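with the input below, show me the fold.
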Amino acid sequence: MFAIDPEDSLALNDAQLDIIQRAIALEPMPVDERIADRTYEATATNEAGRVRLRNFTDPKISRLTAYRFHRENMLNEHLFHIWPAEGFDFPALTTVIFEMPQVLILGADLLPIADVVFDRTYYGRWMLGYAEVLKKHWPALVEHRAGPEPAPDPYFTNQIGSTMSVLMYLKHTGLEPAKAFLLELTEHWTTLHAQAQPRTDADAAAVEARRIQLMTKAYKALDYHSPASDGLASVLGWTGANLMFDHVFGPDLEDQGLDHKRTYLEVEVSPGTFSAPRSH
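As a prediction, this is how the structure comes out:
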């Protein structure tokens with residue numbers, strides 16, 4: 001059985017932050033002390049675990065989040081999100097590895113900020129390098145595939161994610177290939193950041209002004225109504241779980257409080273949670 005190490009032996013967040021900070025002068029953002037770097041002991045109502053979360057920004061980045069969440073004997077989550085600042089349309093970066101006793105789950109994508117139906121040149125400007133990174137690492141990832149991918153979320157796939165999003169189950173032998181893929185994707189993202197310029201009035205019509213706000217709200221909602229929020233709350237309580245989501249995606253426009261489970265998109269469960277799995 002694969003051991004869920006309470007220590008961060010993978011050090012994925014640190015390696016990704018090192019890559020970003022070699023290329024970009026990040027400014028730290030404040031993080032609530034309850035989730036900044038803390039060990040939680042088991043109580044009558046909560047399981048034992050650990051959490052470490054860091055937030056950063058820069059003129060082109062609205063919010064960068066790196067967090068590791070440990071749920072004793074059950075889960076290590078290594079999450080990394082970067083959202084571009086308003087006025088920029090280079091892709092957002094999202095990566096995650098879930099370590100569980102039975103399987104690993106790998107997730108990664110560059111999220112198009114522009115509406116690619118109306119901006120037909122977007123993929124050519126921003127996404128071709130990602131295709132090359134994916135092509136390079138795909139054989140090593142497939143070698144460790146554990147079975148059919150997790151069920152796709154139809155809203156995410158159709159409205160938010162790119163056509164190259166990765167979400168797959170891996171055997172534990174795939175941990176290092178998965179890490180190598182995410183590190184190279186992170187390195188590639190820094191080249192997009194370097195190229196990014198604010199959109200001008202002449203091409204602003206190709207970008208929906210509210211799209212990134214809608215994307216972060218929808219992504220937050222879909223993730224919250226998956227098993228993710230309940231898993232966080234099992235260790236951190238709902239206050240900690242809600243703080244985690246607010247630090248990754250930004251606070252809600254309408255305050256829902258911290259001490260109870262929230263509701264987004266008028267659903268209780270993300271629509272992809274019970275989707276039929278794909279076969280390949």
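
beta partners of the most centrally placed residue in the chain?
Centroid-nearest residue in the chain, with CA atoms, centre = their mean: residue 94, separated by 3.8 Å. Note on residue 94: beta-bridge partners by DSSP bridges are residue 81, residue 109.

how about the strands in the stretch 1-150 of the chain?
Assigned by DSSP state E, counting those that start in this stretch, the strands in the stretch 1-150 of the chain fall at 27-29, 37-40, 49-58, 61-71, 75-84, 92-99, 104-111.

re earlier: for the residue nearest to the centre of the chain, give me the pLDDT.
At residue 94, the model reports a pLDDT of 95.

same thing with residue 115?
Confidence score, pLDDT, at residue 115: 74.

what's the answer for residue 221, then?
Residue 221 is given a pLDDT of 86.

which residues of the protein fall in helices?
All helices of the chain, identified by DSSP state H, fall at 12-23, 33-36, 122-126, 128-143, 154-155, 175-195, 211-224, 227-249.

now the angle from the longest one to strand 61-71?
Here the directions of helix 227-249 and strand 61-71 differ by 150 degrees (axes from the mean of the first three to the mean of the last three CA atoms, to 10 degrees).

packing partners of helix 227-249?
helix 33-36, strand 49-58, strand 61-71, strand 75-84, helix 211-224 (3 or more CB pairs under 8 Å, 6 or more residues apart in numbering; DSSP states H and E). From N, CA and C alone the C-beta is placed, and that goes for glycine too.

which other residues reach that helix?
With CB atoms under 8 Å, 6 or more residues apart in numbering as the test, helix 227-249 has contacts from 31-32, 34-35, 40, 45-49, 51, 53, 55, 63, 65, 67, 69, 71-72, 75, 79, 81, 216-217, 219-220, 223-224, 252, 256-262, 273.
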